[in-house]
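Colleague: Predicted model and sequence below, questions to follow.
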Amino acid sequence: MSLVTSSELLAKAEKGRYAVGAFNCNNMEIVQAIISAAEAERSPVIIQASQGAIKYAGLGYVTALVREAAMFSTVPVALHLDHGTDFKQVVNCLKSGFTSVMFDGSQLPLEENIRITRKVVEVAHAVGVSVEGELGRLRGTEDEINVSEREAFFTDPEEAVTFVQGTGIDALAPSIGTAHGRYRGKPDLDFQRLKKIRELTGVPLVLHGSSGVPGEDIRRAIELGVRKVNIDTDIREAFVKEIRHVLAVDQDEIDPRKVLGPARIKAAEVIREKIRLFGSQGQA
Ligand code: G3H
Ligand code: 13P
Ligand code: ZN
């Protein structure tokens with residue numbers, strides 16, 4: 001199959017009231033883990049690469065790996081740019097064959113975020129590619145902030161309407177209390193805010209920082225309109241933990257296949273669990 005857009009996947013998820021997993025990749029083994037998990041669960045899937053992943057692996061390699069994975073896959077696959085912060089980077093991804101891009105202007109003033117995101121929508125839609133925008137800031141799990149500071153980072157529902165209407169984005173990533181990386185305590189999600197953003201904007205919502213969020217919270221967010229759930233940290237952790245384990249058992253192991261192969265299996269196990277949690281199994 002050739003790559004599909006994330007809009008196509010999210011439209012089906014909307015009808016079926018489930019969410020599609022968007023899993024971050026950095027290397028060949030993780031791309032393979034994502035594809036094998038999606039195929040085993042008969043699930044559509046979004047494979048995403050951050051700017052850091054593209055810098056590490058190279059844009060050509062990332063695109064080639066995911067295109068190859070999709071070509072022989074029996075489930076629909078989208079290739080998405082995660083947290084693009086540079087217009088030129090977005091255009092390079094479009095040229096390379098990505099079928100979905102995120103422009104993350106969450107650090108910019110609202111007007112500037114709208115202006116650049118709209119420009120991204122114009123060029124991406126011209127070549128049939130979907131666009132995710134972000135409004136409100138996701139803090140890092142390491143940030144020490146109090147309750148009122150926390151709220152100040154959250155997406156304002158009225159501003160979300162201005163943002164969605166002013167940009168024409170296909171999906172919106174709001175800030176409602178999740179954070180990237182490992183959580184120190186239990187994440188505290190603002191479901192009322194999520195509900196309101198969804199009711200006012202009507203677009204599919206994206207939950208970032210979803211590793212470590214309890215399953216019941218993920219389910220509730222999906223009931224309220226989240227259609228794309230981003231997972232990176234849980235995959236990294238499973239992958240690297242297994243590498244550590246293999247090397248602890250045999251410190252003399254020098255065959256990369258014997259180190260990375262088992263890590264790939266562990267990553268795929270985590271991804272399969274996530275797919276079932278998001279309810280996208282059997283939807284391919
Ligand atoms: O949202 C962040 C993703 O987990 C990607 O992280 O920029 O370290 O590749 P990264
Ligand atoms: P986690 O690493 O917290 O799962 O977040 C992933 C993410 O939001 C990628 O955009
Ligand atoms: Zn993110």
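Modeller: Okay, I see it. Ligands and ions are numbered 1, 2, ... in the order given.
Colleague: could you dump stretch 196-209 to CSV, C-alpha only?
Modeller: These are the backbone C-alpha positions of stretch 196-209, laid out as CSV (Å, rounded to 0.1, in the frame of the first residue of the first chain):
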residue,chain,number,x,y,z
LYS,A,196,-15.2,22.5,25.4
ILE,A,197,-12.4,22.7,22.8
ARG,A,198,-13.8,19.8,21.0
GLU,A,199,-17.4,21.2,21.1
LEU,A,200,-16.3,24.6,19.9
THR,A,201,-13.8,23.7,17.2
GLY,A,202,-15.3,20.4,15.9
VAL,A,203,-11.9,19.2,14.7
PRO,A,204,-10.2,15.9,15.6
LEU,A,205,-7.9,16.4,18.6
VAL,A,206,-4.4,15.1,19.2
LEU,A,207,-3.1,14.1,22.6
HIS,A,208,0.6,14.7,23.0
GLY,A,209,2.7,13.4,25.9
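Colleague: How far off centre is that stretch?
Modeller: 14 Å (Cα atoms, centre = their mean, to the nearest Å).
Colleague: So is it next to ligand 2?
Modeller: Yes - judged by Cβ under 6 Å from any ligand atom, stretch 196-209 and ligand 2 are in contact via 208-209. In this view, the C-beta of every residue, glycine as well, is placed from N, C-alpha and C.
Colleague: hang on, Ser50 packs against Asn24?
Modeller: Yes - Ser50 lies in contact with Asn24 (Cβ atoms under 8 Å); the separation is 6.3 Å.
Colleague: and the helix or strand hosting Glu216, how far from the chain's centre?
Modeller: Glu216 belongs to helix 215-223 when assigned by DSSP states H and E. Here helix 215-223 is found 16 Å from its chain centre; the criterion is Cα atoms, centre = their mean.
Colleague: average pLDDT for it?
Modeller: When pLDDT is averaged along helix 215-223, the result is 98.
Colleague: ok, residues contacting that helix?
Modeller: 17-19, 187, 189, 191, 194, 205, 207, 210, 226, 229, 277-279 (Cβ atoms under 8 Å, 6 or more residues apart in numbering).
Colleague: now with 6 Å?
Modeller: 19, 189, 207, 277 (Cβ atoms under 6 Å, 6 or more residues apart in numbering).
Colleague: Also stretch 178-186?
Modeller: 138-141, 187, 208-209, 212, 233.
Colleague: Check which residues of that stretch are buried.
Modeller: When burial is assessed from 16 or more other Cβ atoms under 10 Å, stretch 178-186 yields the following buried residues: 178-180, 183.
Colleague: any idea how far that stretch is from the chain center?
Modeller: The answer for stretch 178-186 is 16 Å, by Cα atoms, centre = their mean.
Colleague: Please report the distance of the residue of the stretch 51-200 of the chain found nearest ligand 1 from ligand 2.
Modeller: With Cβ to the nearest ligand atom as the measure, Gly52 is the residue of the stretch 51-200 of the chain nearest to ligand 1, at 3.5 Å. Distance from Gly52 to ligand 2, counting by Cβ to the nearest ligand atom, to the nearest Å: 11 Å.
Colleague: give me the element Phe98 is part of.
Modeller: Using DSSP H and E, no helix or strand contains Phe98.
Colleague: Find the nearest non-adjacent residue to it, please.
Modeller: Leu79 (5.0 Å; Cβ to Cβ, 6 or more residues apart in numbering).
Colleague: Many thanks, I have nothing further to ask.
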